[in-house]
Structures are given as structure tokens and as C-alpha cells.
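*Asks:* Fold the following.
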Amino acid sequence: MALEDVCGFEETLLHRKWFPASYLEDSATSYRTTDSYNSGLRQEKSVGNNGTPLHFLMPALPYSTTFNRRRSFPVPPANHSVTVRRPFPLSHGTTTLGFIFQGGVIAAADTRASAGGLVACPAVHKITPIHSHLVVTSSGSGADCMLWERILAREIRLYQLRHRRRLSIRGAAKLLSFMLHPFKGTEVCVALTLCGWDKEAGNTDCVQRSEDSFSQDATAIAHSASPHRGPKLIYVCSDGARLQGDVFSVGSGSPYAYGVLDRELRWTLSKDEAVSLAREAVFRATHRDAYSGNNVDLFLITAKGWSQRKREDLKEEYYRDMERRAKRVEERKRLTEIDASR
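*Replies:* Coordinates of the predicted model:
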């Protein structure tokens with residue numbers, strides 16, 4: 001059995017006592033399953049000399065054939081992992097983004113989890129806090145992303161316990177890239193964007209801010225003179241690629257989000273303008289991309305730590321957009337009437 005192979009039970013004295021060689025060579029006591037024409041279970045059960053059961057109830061398997069306990073097919077070693085392919089292709093879709101401005105780093109994402117044409121969940125969390133100054137946006141396979149986010153959080157915490165200081169954002173991205181690279185070419189699907197702020201080396205204070213401080217803090221933060229400090233935005237994917245930049249958008253809705261970001265993004269944005277821009281970029285992407293939608297989550301990361309804005313339903317942004325369009329139409333009509341009266 002598989003458990004015997006993994007545990008090495010066949011090599012023990014106890015196994016030889018229970019299953020002597022004469023039993024293994026006896027064809028009359030071999031395990032058999034019923035064929036496809038018999039839907040019943042085997043009711044007979046033979047017992048060895050030591051009271052050890054030699055036969056077990058076996059369920060009927062369709063198109064099964066008789067086989068004996070002596071294996072005639074090769075069995076992979078215990079440490080060999082076999083990739084199980086899905087019976088059908090499964091499409092993923094999402095919209096995540098992050099950008100740097102004078103007030104810090106903005107991370108935003110929608111909340112729809114899709115499985116092909118099915119909306120699996122309308123309220124997932126695609127932005128995960130790793131520690132007080134780092135959050136990660138995720139896109140790809142939900143299970144893979146959750147697993148690697150937990151692995152990254154564990155490794156960063158272990159590093160902090162060992163070295164009495166926190167691993168830098170760039171160091172965390174490099175570590176994640178090295179861990180993901182062996183899975184290149186497999187079906188692992190992970191695309192993470194690390195949005196964080198590097199503080200002074202050796203500073204390990206953990207401060208998190210509430211939603212109220214998000215709107216109260218209006219102080220713009222300039223770039224630090226040290227290249228190892230300040231806002232950081234790094235993209236890491238499952239083939240080990242690692243890119244650092246000022247703006248990233250990942251997912252099926254990213255082309256639409258880039259269209260808004262490329263038009264409006266600038267370094268001198270205020271905090272309110274940056275929040276509005278991120279919200280509109282996610283809204284425009286979800287408006288055109290069927291795999292994104294429902295709500296928008298938004299995080300701001302500064303030197304004081306990350307803060308989260310209250311989750312907002314994207315239909316509210318739709319109504320605001322309709323009001324803006326109505327105002328523009330009225331303004332055009334008013335200007336047309338003024339020109340016509342002259």
C-alpha cells in the first residue's frame with residue numbers, strides 16, 4: 001500500500017511477521033476488486049494466524065480488473081511528486097495595481113474571484129498585509145497566492161527573529177523570487193506586487209494605523225536621500241521574474257487600468273487625488289473586464305505604516321461617474337446656448 005511504501009513498513013520485522021513471504025506468493029489470498037458488472041462489495045474476510053485481517057471490503061470500481069498484491073507496475077519513489085493536471089482549462093481574472101507618489105504607495109484591487117465564467121466569490125481579499133510596512137497584491141490562482149503569501153510572511157518573521165531587524169522590501173522580493181524560480185514551467189500561477197516602505201536599518205517597531213488616520217494624515221512625504229529607504233514597489237511572478245518600478249497593474253483588467261494611470265498619474269498628486277485615481281482605475285477596468293468587479297480595496301503605505309480605506313462598492317463609483325457625465329452635458333448645453341444668443 002502507499003502508506004507502507006512511504007513509511008518503509010515493508011522493511012520492518014513486524015511486516016514480515018504479519019505478511020510472510022509464503023502469503024505474498026499465494027495467489028489465492030490476493031486482493032481482488034469486483035468487475036464493472038458486479039456492483040457489490042466483497043463480503044469474505046480471511047484472517048491470518050495472528051488475527052491479522054488479510055482481506056478487506058473493497059468498493060466496486062468501474063472497468064476494474066483483477067490484480068494481485070504483487071505489483072507488476074512501476075511505483076515512483078516516495079519523494080517523487082506527480083503533477084496532476086486539471087480536467088479542463090480554468091481561466092483566471094483580476095485587476096490589481098500599485099503606484100508611488102509623493103505621499104507614499106497606493107495599492108488597490110477589486111474583490112471578484114472568478115473560475116472561468118463563474119463568479120466564485122464576490123468579496124475576496126486580494127491585498128494582504130505582510131507586516132506593518134508591507135502589503136502584497138495578488139493575482140493568479142487563489143490557492144497558490146494564499147500559500148506563497150503565508151510562506152513570505154513566515155520567512156520575513158523568521159528573519160526578524162534571527163537577526164533582530166526586519167528584512168528590507170527588496171530583500172523580501174529577492175527571497176520570494178528565489179523560492180518561486182524552481183516552479184518555472186509548472187502550473188503554479190502566482191503574480192505578487194510588493195508595496196511597502198523601507199525604514200532605517202534595525203528599526204523593528206510595528207505600528208498599524210486605523211481607517212480614521214487614513215483621512216486625517218495629509219502630510220506629503222518626500223523621497224528619502226538614502227536609496228535603501230522610502231517607498232518601494234516590486235513585482236514578482238511565478239517564473240522568478242522580479243521587476244522594480246513606480247507603477248504596476250496586474251491581471252486581466254490591467255490594460256484598462258494602465259489607460260487611466262498613464263493619463264493621470266504624476267508625482268505631485270495629493271493623497272485624496274491618489275485615492276481617487278486608484279479607485280477610478282479599478283472602476284474602469286471592472287467596467288470592461290468581465291473577470292473583475294464588485295468592490296474595491298485600497299491601502300496607503302507611508303513611513304508610519306499601512307492604513308486601509310473602507311471597502312467601497314464599485315456601483316457607487318458608477319453612479320458618481322454618471323453624475324459627472326450629466327454635469328458635463330449640462331455645461332456643454334449651457335455654453336451652446338450662450339454662443340447661440342450672441
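*Asks:* packing partners for the longest helix along the chain?
*Replies:* When the chain is scanned for its longest helix (criterion: DSSP state H), the result is helix 314-341. On a contact count with 3 or more Cβ pairs under 8 Å, 6 or more residues apart in numbering; DSSP states H and E, helix 314-341 meets helix 271-288, strand 295-302. Every residue, glycine included, has its C-beta placed from N, CA and C.
*Asks:* between those, which one is nearest to L180?
*Replies:* With Cβ to Cβ as the criterion, L180 lies closest to strand 295-302 of these, at 22.7 Å.
*Asks:* Now do the closest one against helix 271-288, angle only.
*Replies:* Between the direction of strand 295-302 and that of helix 271-288, the angle (axes from the mean of the first three to the mean of the last three Cα atoms, to 10 degrees) works out to 150 degrees.
*Asks:* which one of the helices and strands packed on helix 314-341 is the most hemmed in?
*Replies:* For the helices and strands packed on helix 314-341, the stretch with the most neighbours on average is strand 295-302, a mean of 24; neighbours defined as mean count of other Cβ atoms under 10 Å.
*Asks:* Neighbouring strands - and their directions - for that strand?
*Replies:* Partners of strand 295-302 in the sheet, by DSSP bridges, are strand 104-110 (antiparallel), strand 305-313 (antiparallel).
*Asks:* Just the mean pLDDT for stretch 158-166, thanks.
*Replies:* Per-region confidence: stretch 158-166 scores 94 on mean pLDDT.
*Asks:* can you tell me which of the strands paired with strand 295-302 comes nearest to P255?
*Replies:* Between P255 and those, the shortest separation by Cβ to Cβ is 14.5 Å, and it involves strand 104-110.
*Asks:* by contact count, what packs against the following helix or strand past that closest one?
*Replies:* Downstream of strand 104-110, the first helix or strand assigned by DSSP states H and E is strand 113-115. Helices and strands touching strand 113-115, as assessed by 3+ Cβ pairs under 8 Å, 6+ apart, comprise strand 118-121.
*Asks:* So which elements touch the next helix or strand after the strand it packs on?
*Replies:* For strand 118-121, the following helix or strand on the C-terminal side (DSSP H and E) is strand 127-131. Helices and strands touching strand 127-131, by 3+ Cβ pairs under 8 Å, 6+ apart, are strand 104-110, strand 134-140, helix 142-163, strand 295-302.
*Asks:* May I see the strands paired with strand 295-302 arranged in JSON lines, with mean pLDDT and mean neighbour count as well?
*Replies:* Formatted as JSON lines, the strands paired with strand 295-302 follow (pLDDT from 0 to 100; neighbours: other Cβ atoms under 10 Å):
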{"stretch": "strand 104-110", "mean pLDDT": "96", "mean neighbour count": "28"}
{"stretch": "strand 305-313", "mean pLDDT": "93", "mean neighbour count": "17"}
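*Asks:* Save those strands as a markdown table, and put in distance to K327 too.
*Replies:* Rendered in a markdown table, the data for these read as follows (distance: least, Cβ to Cβ, whole Å):
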| stretch | distance to K327 |
| --- | --- |
| strand 104-110 | 25 |
| strand 305-313 | 21 |
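*Asks:* Out of these, the one nearest G142 is which?
*Replies:* With Cβ to Cβ as the criterion, G142 lies closest to strand 104-110 of those, at 12.7 Å.
*Asks:* how big is the angle separating that closest one from strand 127-131?
*Replies:* Relative orientation of strand 104-110 and strand 127-131, computed by the same axes, to 10 degrees: 140 degrees.
*Asks:* which residues of the stretch 51-200 of the chain score low on pLDDT?
*Replies:* Within the stretch 51-200 of the chain, the stretches with pLDDT under 70 are 51-91, 200.
*Asks:* Out of the helices and strands packed on strand 127-131, the one nearest Y256 is which?
*Replies:* Y256 lies closest to strand 104-110 among these, at 11.4 Å (Cβ to Cβ).
*Asks:* mind exporting that closest one as PDB, just the C-alpha atoms?
*Replies:* Included here for strand 104-110 are C-alpha records, laid out as PDB according to Å, rounded to 0.1, in the frame of the first residue of the first chain:
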ATOM      1  CA  GLY A 104       3.600  57.100  -0.200                       C
ATOM      2  CA  VAL A 105       2.500  54.000  -2.000                       C
ATOM      3  CA  ILE A 106      -1.100  53.200  -3.100                       C
ATOM      4  CA  ALA A 107      -2.300  49.600  -3.500                       C
ATOM      5  CA  ALA A 108      -5.700  48.800  -4.900                       C
ATOM      6  CA  ALA A 109      -7.600  45.800  -6.200                       C
ATOM      7  CA  ASP A 110     -11.000  44.500  -7.000                       C
END
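*Asks:* what angle separates that strand from helix 314-341?
*Replies:* Counting by the same axes, to 10 degrees, strand 104-110 lies at 100 degrees to helix 314-341.
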